[in-house]
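Peer 1: no FASTA, just this:
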């Protein structure tokens, strides 16, 4: 007898986000990173940041940007995950990555990042994917390293005082650049 939950076996549908998806995407991203709901998954930033992770205008800006794609991943007709791809010359930027906390830890993130890399190569012919991660997120950085990303040691300061990125609960936060060569 198969005891696997139907959600775990339903096919994934990848598509570009539209303006109609904005509210659902904001809710997904917030649930994966902020507040008590984010603690159901392992990607929570609730111990280092309060406030918002994104807002409707920020998501809509990504949806509408000409050199950007916001990929939506659906399972059983519901948005399960998303990620941003932005074309930046010879590389693509990977961001706004969120998997529903209820679905984290089952391998969905690995599939999504592999598809994002594939689409960046096919769409723009880029040879490298880049992202920034808050440097104190060692568990998340290690996850990306297992996917082939490498730490560069290049950092930029967290935008303290700009509540669009959250309200830091500690000093010294920085973003570190991670890079992966795409085959």
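Peer 2: Looks like it arrived, so ask away. Being a predicted model, the structure only gives us computed values, none of them experimental.

Peer 1: And stretch 131-146, what's buried?
Peer 2: Under the neighbour-count criterion of 16 or more other CB atoms under 10 Å, stretch 131-146 has 131, 132, 133, 134, 135, 136, 137, 140, 141, 143, 144 buried. In short, each C-beta sits where N, CA and C put it, glycine included.

Peer 1: what about it, average pLDDT?
Peer 2: The predicted model assigns stretch 131-146 a mean pLDDT of 95.

Peer 1: which one is residue 145 nearest to, not counting chain neighbours?
Peer 2: Using CB to CB, 6 or more residues apart in numbering and skipping residues adjacent in sequence, the residue nearest residue 145 is residue 151, 7.3 Å away.

Peer 1: taking the buried residues of stretch 131-146 one by one, which sit in helices?
Peer 2: Counting by DSSP state H, the buried residues of stretch 131-146 place 140, 141, 143, 144 in helices.

Peer 1: so the last one makes contact with residue 133?
Peer 2: Same thing as residue 144. Yes: with contact defined as CB atoms under 8 Å, residue 144 and residue 133 form a contacting pair (6.8 Å).

Peer 1: Next, show the common contact partners of the two.
Peer 2: Common contacts of residue 144 and residue 133 (CB atoms under 8 Å, 6 or more residues apart in numbering): residue 178.

Peer 1: Which parts of the chain are strands?
Peer 2: 12-16, 49-50, 68-75, 78-88, 91-99, 128-134, 150-157, 167-168, 174-181 (DSSP state E).

Peer 1: list the contacts for the nearest residue to residue 16 once chain neighbours are set aside?
Peer 2: With sequence-adjacent residues excluded and distances taken as CB to CB, 6+ apart, residue 16 is closest to residue 69, at 5.6 Å. Listed by CB under 8 Å, 6+ apart, the contact partners of residue 69 are 16, 17, 84, 85, 86, 119, 123.
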